[in-house]
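Engineer: here is a sequence with its predicted model. Questions after.
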Amino acid sequence: METLVPTNSLQRALLVLDMVASAPHGLTNSEVCHRMSISSSSCCYILSRLEREQYLSRNQGDARYHMGIRVVELAFGVLRAIAHRPIVQRVLHRLVAETGLTAALAVWARGHAVLVDKLEGSDFIPPHMDFGFAISAHSSAIGKALLQQLAPDELDAFIKQYGLPQLTGRTIVSAAKLRQELEMVRLRGYATSDREHFADRRGVAAAVTVPSRGIRAAVGVTGVAKDATWEQLEDTVRSVKEAALTISRLWSHRRLATQGNRT
């Protein structure tokens, strides 16, 4: 995995936001300093500015930094631009009703599948897996559905920068095997994961066509590996692929309607 060293204040601030977003319990000043290998004064300056502008918030009890409300505002601005919630919510409700599994929509962001909507099924989902949670792309079904949308050079850059860390005994850690897996995803129109990200969970996902340039999305379901639903995998796959097509179609119709109103 390649480590990119920030060379200016903006890059450092963006890297801090990435680090904090990836830390479920937040980070202290000293932890950020250590990870970035910069002086305490420089680190304190960046953190204080981000806190002042509400990109970060600081817990007064343990002095740990967490993501701030300003980031949420920016995220929902992007989601509004693609008319996300009114369209996605009803599709996720139907997906949960048909499968009994937890349904989610994710977008591609800086090498991860980031959850932007979720509707829980009958099984327990860890509480930190909520909006904004970043899932390793190579080990999850919804991540693979996003990875297969990358061009070959983009996939090479992803592997070089983020690597393929082993999360369970079944995680794909070979670049050649990942490329082979993604080719299968393209051919059959859906992705699967079988205890590759979490040792007790499975998933199915499919790519969503987004009418907004530069945004890649996927929809999928996940549940405990022993759930009886997986015995009817074909039915689950059919439901997921129909959900992806429905969201793609509704987003496209929404875009055409918006363009028509502008003319």
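Structural biologist: Structure's in. What do you need? Numbers count the residues shown, from 1 in each chain.
Engineer: so what's the residue count around the closest residue to Ser42 other than its chain neighbours?
Structural biologist: Ranked by C-beta to C-beta, 6 or more residues apart in numbering and with sequence neighbours excluded, the top spatial neighbour of Ser42 is Arg12, at 7.6 Å. The C-beta positions use only the backbone N, C-alpha and C, and glycine is treated the same way. Using other C-beta atoms under 10 Å, Arg12 is surrounded by 19 other residues.
Engineer: name the element Arg12 belongs to?
Structural biologist: Per DSSP states H and E: Arg12 is located in helix 9-21.
Engineer: can you name the next helix or strand after that helix?
Structural biologist: Counting by DSSP H and E, the element after helix 9-21 in chain order, helix or strand, is helix 29-36.
Engineer: hang on, the earlier thing: how big is the angle separating the helix holding Arg12 from helix 29-36?
Structural biologist: Using axes from the mean of the first three to the mean of the last three C-alpha atoms, to 10 degrees, the direction of helix 9-21 lies 110 degrees away from that of helix 29-36.
Engineer: next one: helix 9-21 to chain centre, how far?
Structural biologist: A distance of 18 Å separates the centroid of the chain from that of helix 9-21, by C-alpha atoms, centre = their mean, to the nearest Å.
Engineer: which residues in the protein form strands?
Structural biologist: Chain-ordered strands for the chain, with DSSP state E as the definition, fall at 56-58, 65-67, 102-109, 112-119, 134-136, 191-194, 201-208, 217-224.
Engineer: strand partners (parallel or antiparallel) of the last one?
Structural biologist: Applying DSSP bridges to the sheet, strand 217-224 is found paired with strand 102-109 (antiparallel), strand 201-208 (antiparallel).
Engineer: tell me who's in contact with the residue nearest to Ser42.
Structural biologist: For Arg12, the contact set (C-beta atoms under 8 Å, 6 or more residues apart in numbering) comprises Pro6, Met36, Ile38, Ser42, Ile46.
Engineer: in helices only, show me those.
Structural biologist: With helices taken from DSSP state H, the overlap with the contacts of Arg12 comprises Met36, Ser42, Ile46.
Engineer: count of neighbours near Ala207?
Structural biologist: Neighbour count of Ala207, defined by other C-beta under 10 Å: 25.
Engineer: sorry, that was for Glu234
Structural biologist: For Glu234, which is what you asked about, the neighbour count (other C-beta under 10 Å) is 7.
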